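Here you go, sequence then predicted model.
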Amino acid sequence: MPTLTKLYSMEEASQHNTTDDCWVVIDGKVYDVSSYLDEHPGGDDVFLRTTGKDATDEFEDAGHSKSARELMEKFCIGELDELPPAIPELEIVSKKQGLPQKVLNFTKQYWVIPVGVVGVSAILGFLYLKKK
Ligand code: HEM
């Protein structure tokens, strides 16, 4: 039968950061240690210092015994809801947009060349006829 694990965000866990209400996150699991603060052999300040972040390193550095690891399961209230890494937004650029602006401008004004040629020819023709 599947077990229902409650998921908490780090943001939510970080809001429990007082001596009356204290949560710690160790190795992806969330522990409500509020009732254990006074009894913890390592003191309550170590818990308060690690709220709102992953305390795995600090927990491991203290070299906790097997019995301490068994005891901590009593305080486990759920797991950390780890968000998937953000997928960078894809920028959709059409080939046309990728072309240099100069080329784009030129293609927009392609009519200038034939009109220019016709205009110059007309002027030259007019001058030629006038000379005659
Ligand atoms: C639910 C979580 C925790 C439980 C149940 C727990 C329990 C214990 C226990 C039973 C001891 C006595 C030594 C042993 O048996 O290993 C201990 C010592 C200690 N703990 Fe924790 N602990 C927890 C989390 C933490 C965290 C998150 C830190 C650090 C941020 C920490 C820091 C220490 C330190 C520094 C000692 C050594 C105290 C000394 O020997 O002077 N503990 N802990």
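Done, it's in.

Which parts of this protein are strands?
Taking DSSP state E as the test, the strands found in the chain are 7-8, 23-26, 29-32, 76-80.

Would you tell me which residues of the chain are close to the ligand?
24, 26, 31, 33, 40-42, 46-47, 50, 55, 58-59, 62, 64-65, 67-68, 71-72, 75 (CB under 6 Å from any ligand atom). C-beta coordinates here come from the backbone N, C-alpha and C atoms, glycine included.

Go again with 5 Å.
Contact residues (CB under 5 Å from any ligand atom) of the chain with the ligand: 24, 31, 33, 41-42, 46, 50, 55, 58-59, 62, 64-65, 68, 71-72, 75.

Look up the closest residue to the residue in the chain that the ligand sits nearest to, ignoring the ones flanking it.
Using CB to the nearest ligand atom, the closest approach of the chain to the ligand is made by residue 42 at 2.6 Å. The spatially closest residue to residue 42, leaving aside those adjacent along the chain, is residue 62, at 5.9 Å (CB to CB, 6 or more residues apart in numbering).

That neighbour: neighbouring residues, count only.
Using other CB atoms under 10 Å, residue 62 has 13 other residues around it.

What's the ChimeraX syntax to select whichever of the residues of the chain next to the ligand are buried?
Those of those that count as buried under 16 or more other CB atoms under 10 Å are selected in ChimeraX with:
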select :24,31,33,50,55,58,59,72,75
